[in-house]
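Participant: Fold the following and give me the result.
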Amino acid sequence: MALCGRLLKVNSFFLFPLETRVVSTVVSKNCFRQFSTPHGSAVIDQPEECVDFGRKHDADVVIAKVLARKSESEVFQSPAHDFSCNNIQITHNLITRLLHRFQDDWKSALGIFRWAETCSGYKPSPELYDKMVDILGKMKQMDKMKAFVEEMREDHLVSLNTVAKMMRRFSGAGQWKDAVNTFEELENFGLEKNTESMNLLLDTLCKERKVEQARALFLGMKPHIPPNANTYNIFIHGWCKIKRVEEAQWTIEEMKGHGFRPCVISYSTIIQSYCFQSNFYRVYELLDEMEAQGCPPNVVTFTNIMHSLTRSGDIEEALQIAERMKIVDCKPDTQFYNALIHTLGKGSYVEKALHIFTKEMPESKIYPNTSTYNSMIAMFCHHRQEQRALEYLRNLEKSPYCKPDVQSFYALLKLYFRDGKTDKCMILLDDIVKKHHLCLDLATYTLLIHGLCRANKCEYAYQLFREMIGQNIKPRYLTCSLLLQEIKEKNMYDAAEMIEGFMKKMKSL
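Facilitator: Okay, the predicted model is just below:
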């Protein structure tokens with residue numbers, strides 16, 4: 001059974017008319033997982049790319065032709081000399097889908113891009129050129145990335161977005177000096193060294209923890225390129241990222257000294273660092289300072305504080321944050337309600353969470369998203385209320401606003417394994433794959449393999465293990481060890497040999 005169907009995931013970030021979030025995206029999909037997922041398996045949530053993947057048939061025809069090819073040249077030649085591919089109408093949406101499909105396979109991506117370039121009447125958009133740059137950089141093909149950008153330069157296709165992707169990939173590969181050299185060559189690309197491009201460089205370096213290097217470069221550029229408020233916010237975020245919060249505080253003072261007023265992002269970034277340290281005394285001090293400076297905290301600030309207090313086990317204190325938010329007339333949003341439901345669930349206030357979902361959110365005209373439903377399902381499972389969890393899962397399936405993702409099923413799967421209801425797990429897994437066409441993630445594969453091993457169903461666990469590897473999802477070493485032990489007890493010698501070989505490769509990497 002193939003466990004990865006065609007996945008078109010509904011993204012609540014695009015479905016609801018909410019303001020753009022700076023910090024709270026970390027909270028929305030992770031809150032409910034603290035009920036249910038294994039430690040360390042939480043995934044930082046970021047808004048997913050909203051892509052129209054074009055015509056399924058055309059894309060699948062091309063994909064089928066190139067999958068077995070080993071070089072970019074072979075990939076290019078395959079569709080170029082194929083009758084069915086030559087009859088395909090090449091569009092930006094089709095090439096976007098293909099590049100998305102091969103974003104972790106630079107040879108196939110580049111071969112397809114070269115083929116598209118040769119198709120009569122078609123010219124890839126600048127966004128597709130930038131996507132190709134990003135794929136080459138992501139796969140650490142730096143020489144090919146530079147050569148590709150040089151081709152773009154000759155055709156006057158290099159934009160600041162192109163340069164930003166180059167600098168980010170250089171810095172991510174540990175080649176931060178090449179990122180700086182790219183900035184120095186801006187004029188060769190017909191671009192200008194100004195505040196915007198300087199900020200892109202500084203942000204790239206700070207996100208890769210090269211804050212001191214970024215600071216030194218900034219001091220050198222400052223006499224020629226004027227900073228703006230965003231420049232200082234970049235450093236505030238950078239210092240906090242490397243856990244030097246005092247430097248971030250000093251940057252706020254420096255910001256004021258240059259005539260820039262710290263904004264809610266400036267303060268919220270530092271507050272979040274103190275939250276990670278569980279230093280809530282400083283959090284409350286900064287909240288008071290914000291109000292005194294005429295810069296009241298916003299819903300993102302309050303959401304993160306409440307989530308951090310909940311994570312620290314201070315449930316009642318977390319609920320007081322919700323009350324403080326009402327006092328200052330800060331309006332809640334979906335992300336806030338997700339965090340509040342999570343907090344109420346952790347505190348065993350199930351009926352209050354139900355009231356929030358069924359009464360307060362509708363009255364406030366705040367729509368639930370997938371994460372809201374997931375939080376409710378996880379809460380019910382945490383309190384062993386299976387029927388309520390199933391009811392909310394069915395409601396999510398029928399919702400006009402959002403649909404289940406793989407995390408919607410995680411808590412129920414865990415509950416069934418915990419209660420020895422393995423058959424129900426298999427029915428639910430069938431729904432995930434055949435009904436919703438969802439791909440399993442690392443946490444779900446791990447849960448299933450461990451649960452099936454404990455239920456003495458290691459044959460099926462081994463099948464899932466093979467599917468997992470086939471999806472390029474690397475299992476944890478503990479998962480391999482547990483499965484190997486069970487497989488050996490069943491005298492499945494070929495399977496044991498395969499797992500042992502895989503474990504040796506893991507150790508050698």
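
Participant: Contacts for stretch 312-330 next, please.
Facilitator: 278, 280, 291, 296-299, 302, 305-307, 309-310, 332, 336, 340, 343-344, 346-347 (C-beta atoms under 8 Å, 6 or more residues apart in numbering). All C-beta spots, glycine's among them, are computed from the backbone N, C-alpha and C.

Participant: where does this protein dip in pLDDT?
Facilitator: 1-57, 68, 70, 83, 509 (pLDDT under 70).

Participant: Which helix in it has the most residues?
Facilitator: helix 493-508 (DSSP state H).

Participant: Among the contacts of stretch 312-330, which lie within helices?
Facilitator: Here DSSP H is the test, and the contacts of stretch 312-330 give 280, 291, 299, 302, 305-307, 309-310, 336, 340, 343-344, 346 as lying in helices.

Participant: Quick check: of those residues, which lies closest to residue 110?
Facilitator: Distance to residue 110, by C-beta to C-beta, is smallest for residue 307 among these, at 41.7 Å.

Participant: roughly how far apart are the closest one and residue 279?
Facilitator: 15 Å (C-beta to C-beta, to the nearest Å).

Participant: Settle it for me: which of the two has more neighbours?
Facilitator: Neighbour count, other C-beta atoms under 10 Å: between residue 307 and residue 279, residue 307 has more, with 28 against 14.

Participant: quick one: that one from residue 270, how far?
Facilitator: From residue 307 to residue 270 the distance is 16 Å (C-beta to C-beta).

Participant: one step back: filter the contacts of stretch 312-330 down to just the buried residues.
Facilitator: Taking 16 or more other C-beta atoms under 10 Å as the criterion, what is buried in the contacts of stretch 312-330 is 280, 297-299, 302, 305-307, 309-310, 332, 336, 340, 343-344, 346-347.

Participant: Which helix or which strand is home to the closest residue to residue 134 other than its chain neighbours?
Facilitator: Using C-beta to C-beta, 6 or more residues apart in numbering and skipping the chain neighbours, the partner closest in space to residue 134 is residue 165 (4.7 Å). Assigned by DSSP states H and E, residue 165 belongs to helix 160-172.

Participant: what about that helix, distance to the chain center?
Facilitator: 19 Å (C-alpha atoms, centre = their mean, to the nearest Å).

Participant: Output the contacting helices and strands for that helix.
Facilitator: helix 126-138, helix 142-154, helix 176-184, helix 195-207 (3 or more C-beta pairs under 8 Å, 6 or more residues apart in numbering; DSSP states H and E).

Participant: Looking at those, which is nearest to residue 430?
Facilitator: Closest to residue 430 of the helices and strands packed on helix 160-172 is helix 126-138 (C-beta to C-beta; 34.3 Å).

Participant: and the closest residue to residue 128 other than its chain neighbours, which of the three is it?
Facilitator: Spatial nearest neighbour of residue 128, chain neighbours left out: residue 95 (5.6 Å); criterion: C-beta to C-beta, 6+ apart. Secondary structure state of residue 95, per DSSP: H, G, I helix; E, B strand; the rest coil, is helix.

Participant: my guess is residue 95 meets residue 117, correct?
Facilitator: No: the criterion here is C-beta atoms under 8 Å, and residue 95 misses it with residue 117 at 9.9 Å.

Participant: Need the three-state assignment for the residue sitting furthest away from the middle of the chain.
Facilitator: Using C-alpha atoms, centre = their mean, the residue of the chain lying farthest from its centre is residue 491. It sits 40.4 Å away. Recorded secondary structure, residue 491: coil (three-state DSSP).

Participant: Report the contact partners of it.
Facilitator: With contact set as C-beta under 8 Å, 6+ apart, residue 491 has no partners.

Participant: Phi and psi next, for it.
Facilitator: phi 60, psi 40 (degrees, to the nearest 10).

Participant: can you give me the helices for the stretch 351-500 of the chain?
Facilitator: Ranges of helices in the stretch 351-500 of the chain, per DSSP state H, counting those that start in this stretch, are 361-363, 370-382, 386-398, 407-418, 422-430, 442-454, 458-470, 477-489, 493-508.

Participant: Deepest in the core, which of these is it.
Facilitator: helix 370-382 (a mean of 28; mean count of other C-beta atoms under 10 Å).

Participant: got the angle for that one vs helix 386-398?
Facilitator: 160 degrees (axes from the mean of the first three to the mean of the last three C-alpha atoms, to 10 degrees).

Participant: now helix 370-382, how far from the chain's geometric center?
Facilitator: 20 Å.

Participant: do stretch 461-472 as well
Facilitator: Remark: stretch 461-472 is offset 23 Å from the chain centroid, using C-alpha atoms, centre = their mean.

Participant: Likewise for stretch 436-456?
Facilitator: Worked out by C-alpha atoms, centre = their mean, stretch 436-456 lies 21 Å from the chain centre.

Participant: Render the CA-only coordinates of that stretch in CSV, please.
Facilitator: In CSV, the C-alpha atoms belonging to stretch 436-456 read as follows (Å, rounded to 0.1, in the frame of the first residue of the first chain):
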residue,chain,number,x,y,z
HIS,A,436,-7.7,12.3,2.6
HIS,A,437,-4.6,11.4,0.4
LEU,A,438,-2.2,12.7,3.1
CYS,A,439,1.5,11.9,3.4
LEU,A,440,2.7,10.6,6.8
ASP,A,441,5.4,12.6,8.6
LEU,A,442,8.3,11.5,10.8
ALA,A,443,6.3,11.7,14.0
THR,A,444,3.4,9.6,12.6
TYR,A,445,5.6,7.0,11.1
THR,A,446,7.4,6.7,14.4
LEU,A,447,4.2,6.4,16.4
LEU,A,448,2.9,3.7,14.0
ILE,A,449,6.0,1.6,13.9
HIS,A,450,6.5,1.7,17.7
GLY,A,451,2.8,1.0,18.3
LEU,A,452,2.7,-1.9,15.9
CYS,A,453,5.9,-3.5,17.3
ARG,A,454,4.4,-3.4,20.8
ALA,A,455,1.2,-4.9,19.5
ASN,A,456,3.2,-7.8,18.0
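
Participant: Turn the helices of the stretch 351-500 of the chain into a markdown table, columns for distance to residue 187.
Facilitator: Listed next are the helices of the stretch 351-500 of the chain as a markdown table, based on distance: least, C-beta to C-beta, whole Å:
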| stretch | distance to residue 187 |
| --- | --- |
| helix 361-363 | 53 |
| helix 370-382 | 45 |
| helix 386-398 | 53 |
| helix 407-418 | 47 |
| helix 422-430 | 57 |
| helix 442-454 | 45 |
| helix 458-470 | 48 |
| helix 477-489 | 50 |
| helix 493-508 | 46 |
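
Participant: Could you work out which of those reaches nearest to residue 183?
Facilitator: With C-beta to C-beta as the yardstick, what comes closest out of the helices of the stretch 351-500 of the chain is helix 442-454 (36.1 Å).

Participant: outside of the closest one, which residues touch it?
Facilitator: 33, 37-38, 41, 43, 406, 409-410, 413-414, 417, 422, 425, 429, 440, 458, 460-461, 464-465, 467-468, 473-476, 479, 482-483, 486.
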